[in-house]
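**Student:** how does the following fold in three dimensions:
(one chain, ligands or ions: 1)
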Amino acid sequence: MPDRKLQQQNLAPDQLSFLQSIRYSIFPGSFNTKTDREKYRGFFRTLILHFRPRTVPERTLRFTLTWGLGGMAVMLVLMLFGTGVLLKFVYQPLPDRAYASVLHLQNDVFFGQLIRNVHHWSGNILLVIVFLHFLRAFFSGAFHPPRQFNWIIGLCLFLAVLISNFTGYLLPWDQLAFWAITISMGILEYMPWVGEWLKKLIQGGSEMGPATLTNFFAIHTAVIPALLLILMPFHFWRVRKAGGVVVPRSPGENHEIKSKTVPAIPNLILRELVVALSLIAFILVFSVFFNAPLGDKANPGLSPNPTKAPWYFMGIQEMLLHFHPLFAAFVLPVFIAGSLFFLPYMKYDMNPSGVWFVSQKGRRMAMFSAISAAIATPIGIIADEFFVDFTAWLPGLPAVISNGLLPVTVLAVVVAGFYLLLKKKYAATNNEAIQAIFVFLLVAFIILTITGVWFRGQGMALYI
Ligand code: HEM
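**Tutor:** This next block holds a predicted model:
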């Protein structure tokens, strides 16, 4: 319809420009005058400005402030949605069909293997990117006011991404998936009071079977995507409400340092585009060369040796080898997750948001903690594997005390002592000392995970 006809319809100016823009999008050949091109550009500019701010502080454009990690997470979620929808056309969530449908996808469907690879690697990389984004938010103090609540939303997103990866893991119904999920379900059982019930609820019965696959499929393809669609916009809105990403505060005053602002188009949008396109290129190339793993069809009667949980739960599986299950699978994870949720609401000596590692001293302390954990954790693992055996040394005590309460209390005393030592040695603020403890536990957990993934062989024996 020519513009003249649209104009005759007595439309409001914004309706008119919207309809004209649609026409230019569908018939790009029709925008050949300068005014047409400007209108076309105007349409996209308006569209983008519905999602992104009109202006941004110039200093927040620095790549090393956020490392583009939040944006990469968004891009990965979009890729997962896109490839996930395509996978749904072929995949069949029934134990006797699932594996065959994945084989059919890989062997007979045009680009099927590539789509599965992109979905698989995007999911795993998303977990790593979200973890790094979480670390960046922590170390740049972005959990302090006014961003406390966004930290909580972020943690919920982290949980959603974890559950999404976990439920997706089972869907191919191969040996790898079946036994990794069986082991993880076993970990759940150690939760006091509700563990058994929760396991049955998620599994859809006392054994892994068709109901398990149905539940996992529904959670993976409906519940978690819906949750992400609600939480993500909420998360971005909170970033906007806080005035954009975190920047340092003016000394002694209770507000962030104001800096020159620049239009988001093209300054921010172009940068985001570069990050998004580079990520897509990387995942595509990676997916061309590396296929998503697929073992033999699941055989509930034959467990592989060793049977390992998915890599992101290996830290917990490794802890199970050292502590009583009640402590390894419940008390310690719940305590650590609870502390993370509580973190923004603790009383701090200062608000160092926007300053990496709190201060120069904070950076030195973090380094000291990382090195201490990198030395102490392997020593602890080896000592416990070959020399220490509280259960044999204290035969009169129940295992929950000798192998649970006792070693965990010793650990808590060591961590508390380390906190006090750091505070005294460096005359540190509680911000710096809490950060140092966080680094200590973080490095310890990473080493436990690496040990579980790479240094455990048959019967989960340690090989060094
Ligand atoms: C699917 C998962 C997530 C997505 C898509 C996401 C996305 C984003 C984006 C796009 C931003 C804007 C700044 C940036 O790019 O860094 C942001 C900021 C933020 N995110 Fe996330 N995020 C996710 C998970 C998390 C997690 C796990 C945490 C931490 C617990 C977190 C905490 C924060 C905080 C505190 C901010 C504000 C940072 C600032 O103002 O500098 N987010 N997120």
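**Student:** next up, the contacts around the residue in the stretch 151-300 of the chain that the ligand sits nearest to.
**Tutor:** The ligand sits closest to Gly154 of the stretch 151-300 of the chain, with a gap of 2.3 Å, by Cβ to the nearest ligand atom. Quick note: C-beta positions are derived from backbone N, CA and C, even for glycine. Counting by Cβ atoms under 8 Å, 6 or more residues apart in numbering, Gly154 touches 133-134, 137, 235.
**Student:** in helices, which of the residues you listed appear?
**Tutor:** 133-134, 137, 235 (DSSP state H).
**Student:** for Val74, which non-adjacent residue is closest in space?
**Tutor:** Met232 (7.1 Å; Cβ to Cβ, 6 or more residues apart in numbering).
**Student:** what sits against that neighbour?
**Tutor:** By Cβ under 8 Å, 6+ apart, the contact set of Met232 is 74, 77, 157.
**Student:** output the residues you listed as TSV; include the columns distance to Leu213, pLDDT and secondary structure.
**Tutor:** Putting those into TSV (distance: Cβ to Cβ, whole Å; pLDDT from 0 to 100; DSSP: H, G, I helix; E, B strand; the rest coil) gives the following:
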residue	distance to Leu213	pLDDT	secondary structure
Val74	29	97	helix
Val77	24	98	helix
Leu157	26	98	helix
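**Student:** I figured Leu326 was touching Val400, is that so?
**Tutor:** Yes: the criterion here is Cβ atoms under 8 Å, and Leu326 meets it with Val400 at 5.8 Å.
**Student:** more crowded one of those two?
**Tutor:** Leu326 (19 against 14; other Cβ atoms under 10 Å).
**Student:** give me the residues contacting the helix or strand harbouring Leu103.
**Tutor:** Using DSSP states H and E, Leu103 maps to helix 95-108. Helix 95-108 is contacted from outside by 87, 90-92, 112-113, 115-116, 171-174, 209-210, 213, 294, 297-298, using Cβ under 8 Å, 6+ apart.
**Student:** what pLDDT, on average, does it get?
**Tutor:** The average pLDDT for helix 95-108 rounds to 97.
**Student:** repeat for stretch 198-214
**Tutor:** 95.
**Student:** ends of it, what's the gap?
**Tutor:** 16 Å (Cα to Cα, to the nearest Å).
**Student:** ok, stretch 301-320 next?
**Tutor:** 24 Å.
**Student:** so what touches that stretch?
**Tutor:** With Cβ under 8 Å, 6+ apart, stretch 301-320 has contacts from 127, 162, 165-166, 169, 175-176, 179-180, 182-184, 187, 328-329, 332-333, 381, 445-446, 448-449, 451-453, 456-460.
**Student:** so how far is it off the chain centroid?
**Tutor:** 20 Å (Cα atoms, centre = their mean, to the nearest Å).
**Student:** packing partners of whichever strand or helix holds Leu421?
**Tutor:** For Leu421, the host element (DSSP H and E) is helix 406-426. When contacts are defined as 3 or more Cβ pairs under 8 Å, 6 or more residues apart in numbering; DSSP states H and E, helix 406-426 sits against helix 360-386, helix 430-454.
**Student:** now do the helices in the stretch 151-300 of the chain.
**Tutor:** Along the stretch 151-300 of the chain, the stretches classed as helices by DSSP state H, counting those that start in this stretch are 175-189, 195-203, 210-218, 224-241, 264-289.
**Student:** among those helices, which comes closest to Leu340?
**Tutor:** helix 224-241 (16.0 Å; Cβ to Cβ).
**Student:** tell me the mean pLDDT over the closest one?
**Tutor:** pLDDT averaged over helix 224-241 gives 96.
**Student:** so how far is that helix off the chain centroid?
**Tutor:** 14 Å.
**Student:** do it and the ligand meet?
**Tutor:** Yes: with Cβ under 6 Å from any ligand atom as the criterion, the ligand is reached by helix 224-241 at 232, 235, 239.
**Student:** of all the helices and strands packed on helix 406-426, which lies closest to the ligand?
**Tutor:** helix 430-454 (12.4 Å).
**Student:** in the closest one, what counts as buried?
**Tutor:** Residues of helix 430-454 classed as buried: 431-440, 442-453 (neighbour count, 16 or more other Cβ atoms under 10 Å).
**Student:** swap in stretch 281-299?
**Tutor:** Buried-residue list, stretch 281-299, by 16+ other Cβ under 10 Å: 283, 287, 292, 294, 297-298.
**Student:** what's the end-to-end length of that stretch?
**Tutor:** 37 Å.
**Student:** avg pLDDT for it?
**Tutor:** 97.
**Student:** what comes into contact with it?
**Tutor:** For stretch 281-299, using Cβ under 8 Å, 6+ apart, the contacting residues are 79, 95, 99, 102-103, 106, 113-114, 116-122, 125, 172-179.
**Student:** now that stretch, how far from the centre of its chain.
**Tutor:** For stretch 281-299, the distance to the chain centre is 20 Å (Cα atoms, centre = their mean).
**Student:** quick one, phi psi at the spatially closest residue to Ile446 that is not a sequence neighbour?
**Tutor:** Counting by Cβ to Cβ, 6+ apart, Ile446 lies nearest to Gly315, which is 7.7 Å off, once chain neighbours are set aside. With angles defined as degrees, to the nearest 10, Gly315 sits at phi -60, psi -40.
**Student:** looking at Gly315 now. What's its pLDDT?
**Tutor:** Looking at Gly315, its pLDDT is 95.
**Student:** for Gln8, same thing?
**Tutor:** 65.
**Student:** do the same with the one 4 residues further on
**Tutor:** At Ala12, the predicted lDDT confidence score is 71.
**Student:** quick one: it and the ligand, what's the gap?
**Tutor:** Applying Cβ to the nearest ligand atom, to the nearest Å, the value for Ala12 to the ligand is 34 Å.
**Student:** how about the contacts made by that residue?
**Tutor:** Here Ala12 is in contact with no residues (criterion: Cβ under 8 Å, 6+ apart).
**Student:** any idea how far stretch 365-383 is from the chain center?
**Tutor:** For stretch 365-383, the distance to the chain centre is 25 Å (Cα atoms, centre = their mean).
**Student:** helix/strand/coil for Ala142?
**Tutor:** Using DSSP: H, G, I helix; E, B strand; the rest coil, the structure places Ala142 in coil.
**Student:** please report phi then psi for it.
**Tutor:** phi -80, psi 10.
**Student:** count of neighbours near it?
**Tutor:** Neighbours of Ala142 (other Cβ under 10 Å): 23.
**Student:** switch to numbering from 41
**Tutor:** Done: numbering now begins at 41, and the last item shifts to Ala182.
**Student:** that one is in contact with Val287, isn't it?
**Tutor:** No: the criterion here is Cβ under 8 Å, and Ala182 misses it with Val287 at 10.2 Å.
**Student:** interface residues of the protein facing the ligand?
**Tutor:** Taking Cβ under 6 Å from any ligand atom as the contact definition, the chain meets the ligand at 106, 109-111, 113-114, 117, 170, 173-174, 177, 182-183, 187, 190-191, 194-195, 197-198, 201, 272, 275, 279, 282, 285-286.
**Student:** and the helix or strand hosting Gly111, which residues are buried?
**Tutor:** For Gly111, the host element (DSSP H and E) is helix 109-128. Of the residues in helix 109-128, 109-117, 119-120, 123-124, 126-127 count as buried by neighbour count, 16+ other Cβ under 10 Å.
**Student:** cool, thanks, signing off.
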